[in-house]
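Asks: I would like to see how this sequence folds:
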Amino acid sequence: MLRQMQYDKEQNLWSGQLHGDLDAVQAPKLVASMSASIEQQPAHILLDCRQLDFVDSMGLGALVKLRKLLEGKGYTIKLINLKPRIQKLFVITNLEHSFGIEVET
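Replies: Okay, here's the model as predicted:
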């Protein structure tokens with residue numbers, strides 16, 4: 001799920017890595033963990049998704065919830081190194097423009 005979450009004061013940025021599955025089991029854990037970080041120190045979020053293998057509707061909902069939480073505070077969320085099959089989920093749901101997204105190369 002989420003690992004290596006770090007805060008960079010100079011960039012005012014939380015960065016971390018998503019791995020494995022972001023599903024109905026992991027989604028609430030991600031929201032709780034990220035919400036705590038944002039409450040501790042509001043900042044932009046950058047998530048490296050290189051090791052993310054699967055996202056279901058609950059996982060997608062968790063990311064949307066985090067995006068809304070951040071936008072309400074004036075911050076953004078960026079997902080980098082998405083596998084093309086996961087990026088397709090954002091296209092199908094018309095969310096590709098709601099997130100900063102970079103596809104794995």
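Asks: and residue 19, what are its phi and psi?
Replies: phi -140, psi 160 (degrees, to the nearest 10).
Asks: Over to the one 10 residues further on?
Replies: For residue 29, the backbone dihedrals (degrees, to the nearest 10) come out as phi -70, psi -40.
Asks: Relative to the whole chain's centre, how far out is stretch 18-34?
Replies: The chain centroid and the centroid of stretch 18-34 are separated by 9 Å under Cα atoms, centre = their mean, to the nearest Å.
Asks: how long is that stretch from one end to the other?
Replies: 12 Å (Cα to Cα, to the nearest Å).
Asks: cool, stretch 2-20 as well?
Replies: End-to-end distance for stretch 2-20: 9 Å, by Cα to Cα.
Asks: Next, the buried residues of that stretch.
Replies: With burial defined by 16 or more other Cβ atoms under 10 Å, the residues of stretch 2-20 counted as buried are 2, 13-19. Where you see a C-beta, it was placed from the backbone N, CA and C, and this is true even at glycine.
Asks: Taking these, tell me the two that lie furthest apart.
Replies: Maximum pairwise distance among the buried residues of stretch 2-20 (Cβ to Cβ): 19.5 Å, between 13 and 19.
Asks: which residues of this structure fall in strands?
Replies: Under the criterion DSSP state E, the chain contains strands at 2-8, 13-22, 44-55, 77-82, 100-103.
Asks: Adding distance to residue 34 and mean pLDDT, write the ones you listed out as CSV.
Replies: Formatted as CSV, the strands of the chain follow (distance: least, Cβ to Cβ, whole Å; pLDDT from 0 to 100):
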stretch, distance to residue 34, mean pLDDT
strand 2-8, 7, 90
strand 13-22, 8, 97
strand 44-55, 7, 97
strand 77-82, 9, 96
strand 100-103, 16, 91
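Asks: Would you convert those strands into CSV that also reports distance to residue 62?
Replies: Shown next, in CSV, are the strands of the chain (distance: least, Cβ to Cβ, whole Å):
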stretch, distance to residue 62
strand 2-8, 10
strand 13-22, 7
strand 44-55, 9
strand 77-82, 11
strand 100-103, 16
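Asks: Much appreciated, bye for now.
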